[in-house]
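Q: here you go, sequence then predicted model.
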Amino acid sequence: MAGFNQLFVPGPTNIPEVVRQAMNMPMEDMRAPDYPSFTRGLFADLMKVFRNETGRAFIFPSSGTGAWESAITNTLSPGDRVLMARFGQFTHLWVDMCQRFGLDVDVVDVDWGTGCPLEIYAERLTQDKEHRIKAVFVTQNETATGVTSDVAGVRAALDAARHPALLFVDGVSSIGSIDFRQEEWGVDCAVSGSQKGFMLPPGLGFLSVSQKALAAAKAAGHERCYFSFEDQIRANDTGYFPYTPAVQLLRGLRAALDLLEEEGLDTVFERHNRLATGVRKAVESWGLKLCAKEAKWHSDTVSAVLVPEGIDSNDVVRRAYYAYQTSLGVGLNKVAGKVFRIGHLGWVNEVMMCGAISAAEMALRDCGIKIQPGSGVGAALEHYRLSAQQTLAKAA
């Protein structure tokens, strides 16, 4: 079929042409004497995205799951008690990893469509007088349900209880797209991946750690090798890696970090909110609802849209793909067949999102859902038109 296939899943995301071109290069020597002049700036600028001023960042040739594993095995020991909440597929996977590593996991199960339960966390932390809880985990953005949680609120609960536990954040689908402040919020281990807000192909796992996490790594009792902090630090301090890095992805990362710096992180966050709001207005105009149960949970990187009873959301995704060359996200685990997901993160703008909304609208109608033609697209484009005027007025 003619034209581009449109990608609006919540990762992998669209790759800017300048990033793609940066990776289109001959293979290079990752042991060359001048390689550190490239890598040292890379680490420094990656930390800026996490807003980590005093710790350090690690880059692994892995997915974000590898960075999860590194954070756990380097800072915790088998039998350590950790506090976690499960409210979507990716929180479920993080719980599963901790259990497999032999941690004593205190799991708080809450409704899918809600986020991290601050009141329950605060209660558990206050009751833990002996400080048995060694780490508290929060997923800033649950990709499966389109729910964003309050990381600063978790830090406030820790501080109010005067609890010394480490704070872990899964920021795979948020960092680089949604406001994140590692230093200010006292986050000890923050995980992300290359294929979402960083606008790269999959293949790089990022882990940004605090000095407190680095100190914890010296006492932790887990065995580790590939994801060892110690090995990374020893090599990174010389400007190299302990094993073969993904050299072309690193060149792409350089270009992506330059784009984020050029636009400015605060502007990036504003853009994501503006685009997400247009999608939410479209969903409301269709007469449908989001999986996120309240506005406070709304994600600015992905919207999980509930379909009416009797409709299989997988049919909507298939129809969009085969009829309109547009990839939307399927529902996962408990919400499989109940939601489809529209990704609005990374290298996207208003016109691109209007395309995603129109494809979704046509697919919904094709699947028998009674929607007024043009209702969602119209609501979104009017929002984008008016917000563009406001943006231009601020810049004038």
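A: That came through, no problem.
Q: for the protein, which spans come out with low pLDDT?
A: 396 (pLDDT under 70).
Q: hmm, 90 instead?
A: Flagging of the chain using pLDDT under 90 yields the residue ranges 1-3, 221-223, 388-396.
Q: verify the stated contact: Arg319 with Gly368.
A: No. Using CB atoms under 8 Å, Arg319 is not in contact with Gly368, being 10.5 Å away. (Glycine included, C-beta is placed from N, CA and C.)
Q: more crowded one of the two?
A: Using other CB atoms under 10 Å as the criterion, Arg319 and Gly368 rank with Arg319 on top: 20 against 10.
Q: please enumerate the strands of the stretch 1-150 of the chain.
A: Listed in chain order, the strands of the stretch 1-150 of the chain (DSSP state E, counting those that start in this stretch) span 6-8, 56-60, 81-86, 104-109, 133-139, 141-142, 147-148.
Q: in JSON lines, list those strands along with mean neighbour count and distance to Glu230.
A: Below are the strands of the stretch 1-150 of the chain laid out as JSON lines (neighbours: other CB atoms under 10 Å; distance: least, CB to CB, whole Å):
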{"stretch": "strand 6-8", "mean neighbour count": "21", "distance to Glu230": "38"}
{"stretch": "strand 56-60", "mean neighbour count": "22", "distance to Glu230": "11"}
{"stretch": "strand 81-86", "mean neighbour count": "23", "distance to Glu230": "22"}
{"stretch": "strand 104-109", "mean neighbour count": "16", "distance to Glu230": "25"}
{"stretch": "strand 133-139", "mean neighbour count": "25", "distance to Glu230": "19"}
{"stretch": "strand 141-142", "mean neighbour count": "32", "distance to Glu230": "30"}
{"stretch": "strand 147-148", "mean neighbour count": "27", "distance to Glu230": "34"}
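Q: nearest to Thr244, of those?
A: strand 56-60 (11.9 Å; CB to CB).
Q: coming back round to it: so which of the strands of the stretch 1-150 of the chain gets nearest Ser70?
A: strand 56-60 (6.5 Å).
Q: direction included, what does the closest one pair up with?
A: strand 205-209 (antiparallel) (DSSP bridges).
Q: mind listing the helices for the chain?
A: 17-23, 36-50, 64-75, 89-100, 118-127, 151-160, 182-185, 211-217, 229-236, 247-263, 265-286, 313-324, 350-366, 375-395 (DSSP state H).
Q: for the nearest residue to Trp297 once chain neighbours are set aside, which residues are in contact?
A: Spatial nearest neighbour of Trp297, excluding adjacent residues (CB to CB, 6 or more residues apart in numbering): Val147 at 4.5 Å. If you count contacts by CB atoms under 8 Å, 6 or more residues apart in numbering, Val147 has them with 87-88, 113-115, 141, 291-292, 297-299.
Q: measure Val147 to Gln89 for me?
A: Distance from Val147 to Gln89, counting by CB to CB, to the nearest Å: 11 Å.
Q: also Gly374?
A: 33 Å.
Q: and if you look at Glu184?
A: Taken as CB to CB, the span from Glu184 to Gln89 is 29 Å.
Q: of the two, who's got more company?
A: Taking other CB under 10 Å, Glu184 and Gln89 do not tie; Gln89 has more neighbours (19 against 11).
Q: surely that one and Asp170 touch.
A: No. With contact defined as CB under 8 Å, Gln89 and Asp170 do not form a contacting pair (11.8 Å).
Q: one step back: in PyMOL, how would I select the buried members of the contacts of Val147?
A: Buried members of these, defined by 16 or more other CB atoms under 10 Å, are picked up in PyMOL with:
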select buried, resi 87+88+113+114+115+141+291+292+297+298+299
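Q: so which of the contacts of Val147 is the closest to Gly337?
A: Distances from Gly337 to the contacts of Val147, taken by CB to CB, are shortest for Cys291, at 12.5 Å.
Q: OK, contacts around the closest residue to the closest one other than its chain neighbours?
A: Closest residue in space to Cys291, ignoring its immediate chain neighbours: Ala304 at 3.8 Å, by CB to CB, 6+ apart. Taking CB under 8 Å, 6+ apart as the contact definition, Ala304 lies against 144-146, 290-292, 329, 331, 335, 339-341.
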